[in-house]
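Novice: Prediction below, plus the sequence it came from.
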Amino acid sequence: MTANIVIIGDEILLGRVADTNSGLLARELTSRGWKVGNVTTVGDSAEAIDSAIRRAMESAELTISTGGLGPTRDDITKSVLTGIFGGSPRLDPDVLANVETIFARRGLPMNDLTRSQAMVPDSCRVVPNHFGTAPGMWFEKDGKVFVALPGVPYETRGILHTQLLSMLQEHFDFADTARRAEFTVTGIPESALAEALAPFEDSLPAGCHLAYLPARGIIVLRLDSEGLDADCFSSLCDDLRRRTADWLVGNGAMDAAAVVSTLLRERGLTLATAESCTGGNIASLVTARAGASDVYAGGVVSYSNGVKEHLLGVDSTVLATEGAVSEAVARAMATGALAATGADCAVATTGIAGPGGGTADKPVGTVWIAAATANEVRTALLHLDGDRRAIIDAASSRALLLLAGMLRKHC
């Protein structure tokens, strides 16, 4: 079964807003046996939207669009859909009640544009949106399904998980013969991992495929099969786990924050952060996960030397002689975070994220990271490439993974 995705919005084409919806939809659909044929992005033009939807429906049993469903004049998708699927606008009382409830909760006045959100083509089936005012719409034509969703990412995500996925399963009810499993590894370059797993890949039966999906400091291995029975596939997964045991940090696709949070929770430990160049990014990554209060104690963003001294206990002499971007300071920041918060573990970062501030000895991208427990401190010197955002993200992930390595081996 093939699905196509259409992303609508000038803001996407102009680069003002990043498209995260297509990735979300593709992940959720492929994990349920769908093959995503293509993703198309179009602006807020009636002609472009009409053409993109018609082309997408020609080659897929299911097409999903996001965007173009708001109350403003440039949100024209409803009128385009009426032209494709027929019907006339009708006021949906349930949608109107949802809009009124949301505006009352926010203490905002209603107006005609807001009420227009409750006008939907009578040729559609409403897909309820309890996360915003624009409803989803389900259309059927020539044995195919088209679903229009609002473009706000958390609304798309909410409708997908609470309504749409179950609706799709009920409507299509096709046998998913595909099997898939994902495993997260770290601590080995992709080329070395591929070399180590070459015998495994060579032995895979027909219809099986191993994909390498690298991210910052980690590699997700995705094993897919088509038509293989459950026992055989399970045996392959066990074999892959054995072959990657030295680097395996978890089943499923995980980022660095997820890896560390899982290890901390399994061991009943807590984490503190001491950040200079990463500016609180590590704390943000950890606390963005549900249940973070179980594993995260707190942290210090110590941009100035004074904060490093007074809140983290870094010796002023060390700062003067070694410099803020040094192994000694990273080590002291990590141990200082343990003392300041009472946490079981800590990570620290100090470096030069750029674009300015670099020197011949310490160019932009120079970052010292440290990870500490009550019994051990590890440090690493990083030479990172990219712009400021890339350096901050890479340093954050590497610091967390440095701690992950300690936890896996010694706790």
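Specialist: On my side now, so go ahead. Residues are numbered from 1 along each chain as shown.
Novice: Show me the helices in the stretch 51-200 of the chain, by range?
Specialist: Taking DSSP state H, counting those that start in this stretch to define them, one finds helices in the stretch 51-200 of the chain at 77-85, 93-106, 112-115, 153-159, 165-172, 190-196, 198-202.
Novice: Quick one: closest of those helices to residue 285.
Specialist: Comparison of these against residue 285 by CB to CB identifies helix 153-159 as nearest, at 17.9 Å. All C-beta atoms are positioned from the backbone trio N, CA, C, and that covers glycine.
Novice: What is the least confident helix or strand in the chain?
Specialist: Least confident helix or strand of the chain, by mean pLDDT, DSSP states H and E, is helix 112-115 with a mean of 84.
Novice: Relative to residue 353, which of the helices of the stretch 51-200 of the chain is closest?
Specialist: Using CB to CB, these put helix 190-196 closest to residue 353, at 25.1 Å.
Novice: buried sites along the closest one?
Specialist: For helix 190-196, the neighbour count (16 or more other CB atoms under 10 Å) marks residue 193 as buried.
Novice: Also stretch 387-404?
Specialist: Buried-residue list, stretch 387-404, by 16+ other CB under 10 Å: 388, 391-404.
Novice: How about stretch 374-381?
Specialist: So for stretch 374-381, counting by 16+ other CB under 10 Å, buried means 377, 378, 379, 380.
Novice: what's around the nearest residue to the last one once chain neighbours are set aside, how many residues?
Specialist: Pointing back at residue 380 there. Nearest non-adjacent residue to residue 380, counting by CB to CB, 6 or more residues apart in numbering: residue 369, 5.3 Å away. Around residue 369 there are 29 other residues, counting by other CB atoms under 10 Å.
Novice: Then residue 88?
Specialist: Applying other CB under 10 Å, we find 9 residues neighbouring residue 88.
Novice: dump the residue contacts of the closest residue in space to it that isn't next to it in sequence.
Specialist: Spatial nearest neighbour of residue 88, excluding adjacent residues (CB to CB, 6+ apart): residue 122 at 5.7 Å. By CB atoms under 8 Å, 6 or more residues apart in numbering, residue 122 lies in contact with 87, 88, 89, 90.
Novice: And the pLDDT at the second one?
Specialist: What that stands for is residue 88. Turning to residue 88, the model gives it a pLDDT of 94.
Novice: quick one on the thing from earlier: any chance you could list what contacts the least confident helix or strand of the chain?
Specialist: Applying CB under 8 Å, 6+ apart, the external contacts of helix 112-115 come out as 71, 72, 96, 99, 103, 133.
Novice: and what of stretch 38-53?
Specialist: Contact with stretch 38-53 is made by 4-10, 12-13, 19, 22, 26, 55-56, 59, 63, 65, 68, 74-77, 79-81, 83-84, 146, as judged by CB under 8 Å, 6+ apart.
Novice: Tell me where the model's unsure across the stretch 101-250 of the chain.
Specialist: Residue ranges of the stretch 101-250 of the chain with pLDDT under 70: 174-177.
Novice: For this structure, identify the residue most remote from the centre.
Specialist: No residue in the chain sits farther from the centre than residue 317, which is 41.9 Å out by CA atoms, centre = their mean.
Novice: Is it part of a helix or strand, or is it coil?
Specialist: The local conformation at residue 317, judged by DSSP: H, G, I helix; E, B strand; the rest coil, is helix.
Novice: which of the contacts of stretch 38-53 count as buried?
Specialist: In the contacts of stretch 38-53, burial by neighbour count holds for 4-9, 12-13, 19, 22, 26, 56, 63, 65, 68, 75-77, 80-81, 84, 146, counting by 16+ other CB under 10 Å.
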